[in-house]
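*Asks:* return a 3D structure for these sequence lines:
(chains A and B)
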Amino acid sequence: MRAIYILWLRQLKRYSRSPARIVGSLGQPLLFLLALGFGFGPTFAKAGGGNYIQFLTPGIIAMGILFTAVFSGIEIIWDRQFGFLKETLVAPVSRLQISLGRTLGGATVALAQGAVVLVVCVIAGFRFGNFALLPVALAFMILIAIFFTAVGTAIGSVLEDMQGFPLVMNFLVMPLFFFSNALFPVQGLPKALQFLIRLNPLTYGIDGLRGALGRGFLFGMGTDFVALGVLTTILVGIGSYLFSKIQI
Amino acid sequence: MCNNMIEVRDLVKTFANFCAVDHISFAVPEGQIFAFLGPNGAGKTTTIKMLTTVLQPTSGLARVDGHDPARESRQVRRSFGIVFQDPSLDNELTAVENMDLHGILYGVPSVERRQRIESLLRFVELWDRRSDYVKFYSGGMRRRLEIARALLHKPKILFLDEPTLGLDPQTRNHIWTFVQSLSKDEKVTVFFTTHHMEEAERVADQVAVIDHGKIVAQGSPDALKESTGGKTLEDAFIVLTGHTIRDEEASSADRMRMMRRVWRGR
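*Replies:* Numbers count the residues shown, from 1 in each chain, chains lettered A, B, ... in the order given. Just a heads-up that it's a prediction; the model follows:
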């Protein structure tokens, strides 16, 4: 337990000491929020969707969490060749503890990033529907954070070097974001696209978050929670397994 | 008869297309300083990886402090400290934080941890800089910190994989004097690799020369010089391993090293 705690704390220290990283990873969500939020706002309202910033905010929060989480997980590659990973791998603690500590640390960092995005969204005009549901929103943010840090851990355990990184960004992270309900409602989309979006784990996280933040659940809070919860457990298992197979 | 802290018999490691370590055998008695020498790509680091539980051997026997690194990794890991060829500190943490993290991973109780961190950091002359981030340290300071860290949990064996790579003569001298005192005063067994033959000649009790995965000679530095007719250990080394310069294919680690240099602008 001490090992998990100290590795978790390490990730937090690294995050809090790097303001450039905090501000830097705010850039993308901010861009989407401002350009799309205000750009499509009038069209969205005219089409009867209501306030687009209200709709978009959960998607943008999820985006902030998604990118930070995957990146935290993937940092293993960097740590692995030079640094610190070797120090932990020869220590008399199990690989499971190391990967859990890292994953929870990365997830906490991603959660913090999501919270910062939420604050920015509020400044941009987002209003809470029901404060009582805030803990539910937080729970979904935590699940999204853990899920995608575990995805990053799994990928980082398999990839040899950073050359595969653009591949991961362009063929996994970006599609996960765009083929979800982050930017547009699922209802009324072509069947094939709807099907794809329903397969995307991020969709359930965003639906849960959107419901909790006041726009109503599409799939239902229970469905969202169970779907993402089960997937998160599986991914943490896969991530830890692949991590335990790392040879340096 | 001394206890053998490290014992290796017929150890083999084959990767997909080649044999990195080919039936090597050697033993290191307690408290000795053992130099493992060889040209680039000879199998030194692969051997260290197998002894330190991070790589599974293909066949053969290895014992570290009486335990099998492949099966009893937990016991083996408690018994040694290691300084890797590449830096393995967290640059975003301070020296004390790096030490503290190590102590917690190795289960060193907190009071003892604090005392040992102070005495070790004083010993490697980094106590005054203890609260600085490691990223502001020079190469020599980082090396000293890594050695201090490797000793925090009182290991019986210290592995040093090219610990003096890229360091100035002053720092190298400081490090070897320290290592010798460890072996003499604390009975720590030291296993190291280096490309500086004069270092091995100066500090090692026993030397093994490995080339193409096989041990081509072992014995005391004097015995090796005598058997090859060389004046220095370097002469003996050249006689044993030839003049051919080894070209290693750049591994992904080498490529990352390049990238890091480019990114950090040095």
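
*Asks:* for A:Ser72, give me the pLDDT.
*Replies:* If you check A:Ser72, the pLDDT there is 89.

*Asks:* in terms of contact, does it touch A:Val151 like I think?
*Replies:* No - using Cβ atoms under 8 Å, A:Ser72 makes no contact with A:Val151, being 10.5 Å away. For every residue, glycine as well, the C-beta is placed using N, CA and C.

*Asks:* leaving out chain neighbours, which residue sits closest to the most centrally placed residue in chain A?
*Replies:* The residue lying closest to the centre of chain A (Cα atoms, centre = their mean) is A:Leu66, at 2.5 Å. Leaving aside its sequence neighbours, A:Leu66 sits nearest to A:Phe148 (Cβ to Cβ, 6 or more residues apart in numbering or on different chains; 5.3 Å).

*Asks:* the host helix or strand of that neighbour: which residues count as buried?
*Replies:* Here A:Phe148, judged by DSSP states H and E, is contained in helix A:134-158. Within helix A:134-158, the residues that qualify as buried are A:136-157, counting by 16 or more other Cβ atoms under 10 Å in any protein chain shown.

*Asks:* show me what from chain B comes close to chain A.
*Replies:* B:49, B:52-56, B:74, B:77-78, B:80, B:82, B:84, B:86-93, B:97, B:100-102, B:104-107, B:149, B:252-253, B:255-257, B:259-260 (Cβ under 8 Å from any Cβ of the partner chain).

*Asks:* show me where the stretch 101-250 of chain B has helices.
*Replies:* B:110-123, B:139-151, B:169-185, B:197-203, B:221-228, B:233-241 (DSSP state H, counting those that start in this stretch).

*Asks:* tell me which of those helices is the most buried.
*Replies:* When you average the neighbours per residue for each of the helices of the stretch 101-250 of chain B (mean count of other Cβ atoms under 10 Å in any protein chain shown), helix B:139-151 leads with a mean of 22.

*Asks:* what residues does that helix touch?
*Replies:* A:87, B:81-84, B:87-89, B:95, B:98-99, B:102, B:120-121, B:123-126, B:129, B:134, B:137, B:158, B:160, B:163-164, B:166-168, B:170-171, B:174-175, B:178-179, B:182, B:188 (Cβ atoms under 8 Å, 6 or more residues apart in numbering or on different chains).

*Asks:* and these, which of them are in strands?
*Replies:* B:Gly81, B:Ile82, B:Val83, B:Leu158, B:Leu160 (DSSP state E).

*Asks:* out of those, who's the most crowded?
*Replies:* B:Leu160 (27 neighbours; other Cβ atoms under 10 Å in any protein chain shown).

*Asks:* does B:Lys214 have any beta-bridge partners, and if so which?
*Replies:* Beta-bridge partners recorded for B:Lys214 (DSSP bridges): B:Asp211.

*Asks:* from memory it sits against B:Phe26, does it?
*Replies:* No - contact criterion Cβ under 8 Å: B:Lys214 and B:Phe26 do not qualify, at 11.8 Å.

*Asks:* compare the two (neighbour count), which wins?
*Replies:* B:Phe26 (19 against 15).

*Asks:* tell me the SS of the more buried one?
*Replies:* strand (DSSP: H, G, I helix; E, B strand; the rest coil).

*Asks:* ok, now which ones touch whatever residue of the stretch 101-250 of chain B ends up closest to chain A?
*Replies:* Here the stretch 101-250 of chain B gets closest to chain A at one residue, B:Leu105, 4.0 Å apart by Cβ to the nearest Cβ. Listed by Cβ under 8 Å, 6+ apart, the contact set of B:Leu105 reads A:Ala3, A:Ile6, A:Thr88, A:Ala91, A:Pro92, A:Val93.

*Asks:* redo the helices of the stretch 101-250 of chain B as CSV? Include distance to A:Leu231.
*Replies:* Shown next, in CSV, are these (distance: least, Cβ to Cβ, whole Å):
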stretch, distance to A:Leu231
helix B:110-123, 39
helix B:139-151, 39
helix B:169-185, 50
helix B:197-203, 54
helix B:221-228, 60
helix B:233-241, 55
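
*Asks:* any idea which of these gets closest to B:Ala35?
*Replies:* Nearest to B:Ala35 among the helices of the stretch 101-250 of chain B is helix B:197-203 (3.9 Å), distances taken as Cβ to Cβ.

*Asks:* tell me what the closest one is packed against?
*Replies:* The helices and strands touching helix B:197-203, judged by 3 or more Cβ pairs under 8 Å, 6 or more residues apart in numbering or on different chains; DSSP states H and E, are strand B:33-37, helix B:169-185, helix B:233-241.

*Asks:* sorry, back to before: can you pull the contacts of the residue nearest to the centre of chain A?
*Replies:* A:Leu66 touches A:Ala110, A:Ile144, A:Phe148, A:Val173, A:Leu176, A:Phe177, A:Leu202, counting by Cβ under 8 Å, 6+ apart.

*Asks:* same question, B:Glu162
*Replies:* B:Gln85, B:Thr193, B:Thr194, B:His195.

*Asks:* bridged to the most centrally placed residue in chain B, which residues?
*Replies:* By Cα atoms, centre = their mean, chain B has its centre lying nearest to B:Leu160, at 1.6 Å. Counting by DSSP bridges, B:Leu160 forms beta bridges with B:Val83, B:Phe192.

*Asks:* circling back: what packs against the helix holding A:Phe148?
*Replies:* Helix A:134-158 makes packing contacts with helix A:52-81, helix A:95-123, helix A:201-210, helix A:221-244 when contacts are defined by 3+ Cβ pairs under 8 Å, 6+ apart.

*Asks:* how about the residues of chain A by chain B?
*Replies:* A:2-3, A:6-7, A:10, A:13-14, A:17-18, A:81-93, A:160-162, A:247-248.

*Asks:* now residue 92. Its backbone dihedrals?
*Replies:* By default, I'm working from chain A. phi -80, psi 50 (degrees, to the nearest 10).

*Asks:* my bad, chain B
*Replies:* According to degrees, to the nearest 10, B:Glu92 has phi -90, psi 0.

*Asks:* then B:Pro163?
*Replies:* Dihedral angles for B:Pro163 - degrees, to the nearest 10 - are phi -70, psi -20.

*Asks:* now do it, the pLDDT please.
*Replies:* 90.

*Asks:* just the pLDDT for residue 139.
*Replies:* Here I'm looking at chain A. At A:Ala139, pLDDT is 96.

*Asks:* my bad, chain B
*Replies:* For B:Gly139, pLDDT reads 88.

*Asks:* likewise A:Ile238?
*Replies:* For A:Ile238, the predicted pLDDT is 96.

*Asks:* just B:Cys2 next, same as before
*Replies:* Reported pLDDT for B:Cys2: 58.

*Asks:* check B:Asp247 too.
*Replies:* Listed pLDDT for B:Asp247 reads 66.

*Asks:* could you do the one 10 residues further on as well?
*Replies:* Reading off the confidence values, B:Arg257 has pLDDT 64.

*Asks:* kindly report the same for the one 3 residues further on.
*Replies:* For B:Arg260, the model assigns a pLDDT of 60.

*Asks:* can you check A:Phe82 too?
*Replies:* A:Phe82 is given a pLDDT of 69.

*Asks:* shaky segments in the chain?
*Replies:* All of this refers to chain A. A:82 (pLDDT under 70).

*Asks:* ah, I was thinking of chain B
*Replies:* B:1-2, B:247-266.

*Asks:* buried only: go through the residues of chain B next to chain A for me.
*Replies:* B:49, B:52-55, B:77-78, B:80, B:82, B:84, B:87-93, B:97, B:100-102, B:104-106, B:149, B:253, B:256, B:260.

*Asks:* isn't B:Asp86 up against A:Gln81?
*Replies:* Yes - using Cβ under 8 Å, B:Asp86 is in contact with A:Gln81, at 7.3 Å.

*Asks:* quick one: contacts for the nearest residue in space to A:Val173 that is not next to it in sequence?
*Replies:* In space, and not counting its chain neighbours, A:Val173 is closest to A:Val70: 5.4 Å by Cβ to Cβ, 6+ apart. Listed by Cβ under 8 Å, 6+ apart, the contact partners of A:Val70 are A:Phe148, A:Thr149, A:Val151, A:Gly152, A:Ile155, A:Val168, A:Leu172, A:Val173.
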